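Engineer: Sequence and predicted structure below; questions after.
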Amino acid sequence: MDPRQRRVRRNDTCPRCFDDRRALGDLLTAPDQTRKKTHMNSITILGSGRVGTALATALSRNGAEVVIGTRDPERVRTEWAGTDVEVSDTHDALRRSDVVINATPGDTSLERFTALADQLSGKILVDVSNATTRGADGMPGGLVYQESSLGELLQQALPDVAVVKTLNTMLFSAMGSPASLGSTPTVFLSADDHEAKTRVREILALLGWDDAWIVDLGGIGTARGTEAFALLVPSLLGALGFAPFALSIAR
């Protein structure tokens, strides 16, 4: 959450080995000589701001093949020069991955991704945004969808896409470094597709999230609860300063 809103190499064995012998985390962290790049296991991030940058940095650091999709690839490409992160235009980036992370501002995400429906068909959309109105200070001032949530509306608008809501109850700086926090954090999953949840759990593991820290809330309808957390962010920043934080469930 921002309050202000290598392609993977595949082993040369049979394709079925991917399903029954390899977990995504093993594929992404295997030595270079045993990997071949695959469309199925690369990760596309749409959005090149602080959220997208934090996620791309953490995923790439831990061995993932990351492609950032942006409307201005020439400018953004200079920012990633000398790294393993690739930068491309939005449409090319979508063609290169079956997992897409929404790191764009939540208040405009629905329109943006609805327009990309054909290219997103059959993919997993990991939605880490919260749809909020902006206060005079640029901080969340209210919920855009008071009777629903961005996650739910994305799923309704994109029936051929598996939408998974996660990583939206923390500051962007904690998304890829949960172990750096002073206490055990919690990350939530909301989605209707169980296979997509499994895939996203593997991505969360690459970001440093222990499986015990992940709470599966159920279907995508549960996203409205976690999205409402965004309204607490301005008060938390005022009380704690602009330091990494995440919601934690004590039990």
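Structural biologist: Here it is on my side, so go on.
Engineer: tell me which element the residue nearest the centre of the chain falls in.
Structural biologist: Computing the C-alpha centroid of the chain and ranking residues by C-alpha atoms, centre = their mean puts Ile101 first, at 4.0 Å. Element membership for Ile101 (DSSP states H and E) is strand 99-102.
Engineer: so how far is that strand from its chain's centroid?
Structural biologist: Distance of strand 99-102 from the chain centroid (C-alpha atoms, centre = their mean, to the nearest Å) equals 6 Å.
Engineer: re the thing from before, relative to Lys197, how far out is the residue nearest to the centre of the chain?
Structural biologist: 15 Å (C-beta to C-beta, to the nearest Å). C-betas here are computed from N, CA, C, even on glycine.
Engineer: Same question for Ala115.
Structural biologist: For Ala115, the distance to Lys197 - C-beta to C-beta - is 26 Å.
Engineer: Compare the two and say which is more crowded by neighbours.
Structural biologist: Higher neighbour count among Ala115 and Lys197: Lys197, with 18 against 11, using other C-beta atoms under 10 Å.
Engineer: Then that one would be within a helix, right?
Structural biologist: Yes: counting by DSSP: H, G, I helix; E, B strand; the rest coil, Lys197 is part of a helix.
Engineer: Now do the contacts for it.
Structural biologist: Lys197 sits next to Val164, Leu189, Ala191, Asp216 when contact means C-beta atoms under 8 Å, 6 or more residues apart in numbering.
Engineer: That one and Trp209: what is the separation?
Structural biologist: 13 Å.
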